[in-house]
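K.L.:
here is a sequence with its predicted model. Questions after.
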Amino acid sequence: MNKSPLVALLSLGFCFPSRAAEQLPNLSDAKPAARFAVTDITWPAKPGDAEICLWKDDKIAPVSFTVDDNWASEVPWWMEQSEKYGNFPITWFIITKKVGGRSNGGTWDLWREAVARGHDVQSHTHTHLHTEEPDWQSIEWEYAESKKLIEENMPGHRARILAYPGGPKSKLNSEEAAGKLYAGARWATGTLLPVNAMPYLGVRAITESSFDNPKAPWADPKRILTPGDKVFRTWCVPIYHGAGDKSVERPFFKWIADNKDKLWLGTFCEVSLYAQERDTAKLEVTENTSSRVGFTLTDRMDDNVFDGPLTVKVRLPDKWKTVAGTQAGKPTAARFVEHEGKPYALVQAVPDRGPVVLVAK
Ligand SMILES: [Zn+2]
């Protein structure tokens, strides 16, 4: 008997439930409508209920430090500050043509070391829009050449994020061109945008000078931890070039360290990947008994690029005092937490990488 096309399609979907048909390179909407309702931390009520946390480890909001234009001379100072104030990771957006030669561009050894120490190095184009240079070709070339050089000179490391150069030629930048090569991108200026309407190819940056500054309330990082604020829980991306006066105390850094339990201190790339996976993810509880809870997690993003875990919060069966998790049969991190006397798990699961099973240890 011949199957109708519909039946054939359905059976194909049934055979390969975890391979999403779509493999989006990024979410490119420059002015997205609100994708979801923003809430405070929530706690699913019934055993077996599960939800995707807005941010990793169920933190309130993320902060991603970014430093543009190499500034190799200040890399040691940044590493010291990171260690002193809560181990925040730094993303250096480097101009690849400056590496190994021109002033303060750093060496590939330096950038490899930064990554080895838990920081990140991503693209700030090849020449920084120096169109007068003889080898300059096009904006596509600016974006592609830096990605190629980072990946060639930093084996095993991927350039998945672009920071657009500012300055007089900034108009040459193109979110469309960036979206063909990168998973996400950041402008050099801006404000705090609501977490549910983030333009991932045009994330805005704020400066440390707006911290606790009544003259710059639109970009005060403290707002991301303020319930009811329209930018509550959003992603804060401070931008630096030179770090300025290094002899003064930095109240912003102290605030970061003091609020470490509420903030996800993630690299720009980690947070961008998390957010786009989350915004396209589907979570389905497939098993819910007193001894096992199972779920599947899928998303619409390109699995070769978007390979980080989401945090899934699961209300566990009442009597559980511990939890252990597997994804596709391999152990995955699952942290047991209690809220108002009820047991929960915070589970790390990568979308489209197979079913997750939780059991009491
Ligand atoms: Zn720059």
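P.N.:
That came in fine, so what should we check first?
K.L.:
only C-alpha atoms for contact and neighbour calcs from this point on.
P.N.:
Will do.
K.L.:
quick one: contacts for the closest residue to S174 other than its chain neighbours?
P.N.:
Spatial nearest neighbour of S174, chain neighbours left out: I139 (7.6 Å); criterion: CA to CA, 6 or more residues apart in numbering. For I139, the contacting residues are 129, 172-174, 177, taking CA atoms under 8 Å, 6 or more residues apart in numbering as the criterion.
K.L.:
can you list those in TSV and add secondary structure and pLDDT?
P.N.:
Output for the contacts of I139, formatted as TSV (DSSP: H, G, I helix; E, B strand; the rest coil; pLDDT from 0 to 100):
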residue	secondary structure	pLDDT
L129	coil	98
L172	helix	98
N173	coil	98
S174	coil	98
A177	helix	98
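K.L.:
so which of these is the most crowded?
P.N.:
Taking other CA atoms under 10 Å as the neighbour criterion, L129 ranks highest of the contacts of I139 with 25 neighbours.
K.L.:
and the spatially closest residue to that residue that is not a sequence neighbour, how many neighbours?
P.N.:
Leaving out its chain neighbours, the residue that sits closest to L129 by CA to CA, 6+ apart is K169, at 6.6 Å. As a burial measure, K169 scores 12 neighbours (other CA under 10 Å).
K.L.:
does K169 really touch E132, like I thought?
P.N.:
No - look at K169 against E132 with CA atoms under 8 Å: they stay out of range, at 11.3 Å.
K.L.:
any idea how many residues pack against K230?
P.N.:
When neighbours are counted by other CA under 10 Å, K230 registers 15.
K.L.:
what distance do you get for it to P221?
P.N.:
Separation of K230 from P221 (CA to CA, to the nearest Å): 12 Å.
K.L.:
just the pLDDT at the residue in the stretch 201-350 of the chain that the ion sits nearest to, thanks.
P.N.:
Nearest residue of the stretch 201-350 of the chain to the ion: H241, at 7.5 Å (CA to the ion). As predicted, H241 sits at a pLDDT of 96.
K.L.:
change the start of the numbering to 19 and stick with it
P.N.:
New numbering, starting at 19: the last item is H259.
K.L.:
phi, psi for it please.
P.N.:
Here is the backbone geometry of H259 (degrees, to the nearest 10): phi -120, psi -100.
K.L.:
what about it, neighbour count?
P.N.:
Neighbours around H259, by other CA under 10 Å: 14.
K.L.:
ok so, going back, got phi/psi on the residue nearest to L147?
P.N.:
Taking degrees, to the nearest 10, you get phi -100, psi 10 for the backbone angles of K187.
K.L.:
okay, it: pLDDT?
P.N.:
96.
K.L.:
any idea how far it lies from E151?
P.N.:
Distance from K187 to E151, counting by CA to CA: 14 Å.
K.L.:
and the closest residue to K278 other than its chain neighbours, what does it touch?
P.N.:
Spatial nearest neighbour of K278, excluding adjacent residues (CA to CA, 6+ apart): G104 at 6.7 Å. The neighbours of G104, taking CA under 8 Å, 6+ apart as the test, are 274-275, 278.
K.L.:
tell me the most packed of these, by neighbour count.
P.N.:
I274 leads those on contacts (other CA under 10 Å) with 21 neighbours.
K.L.:
and that residue, that one's in a helix?
P.N.:
Yes - judged by DSSP: H, G, I helix; E, B strand; the rest coil, I274 forms part of a helix.
K.L.:
that one and K49, how far apart?
P.N.:
Counting by CA to CA - I274 and K49 are separated by 29 Å.
K.L.:
can you check D279 too?
P.N.:
Noted for D279: a distance of 31 Å to K49, by CA to CA.
K.L.:
and these two? Which one has more around it.
P.N.:
Each of D279 and K49 has its neighbours counted (other CA under 10 Å); D279 has more, 14 against 11.
K.L.:
what sits against the residue nearest to the more buried one when sequence neighbours are not counted?
P.N.:
Once flanking residues are discounted, D279 sits nearest to K77: 7.3 Å by CA to CA, 6+ apart. Contacts for K77 (CA under 8 Å, 6+ apart) come out as 279-282.
K.L.:
for those, which one is nearest G123?
P.N.:
Distance to G123 across the contacts of K77 (CA to CA) is lowest for W282, with 29.1 Å.
K.L.:
the strand or helix carrying the closest one pairs with which strands, parallel or anti?
P.N.:
For W282, the host element (DSSP states H and E) is strand 281-283. With DSSP bridges as the test, strand 281-283 is paired with strand 79-81 (parallel).
K.L.:
understood, closing this out.
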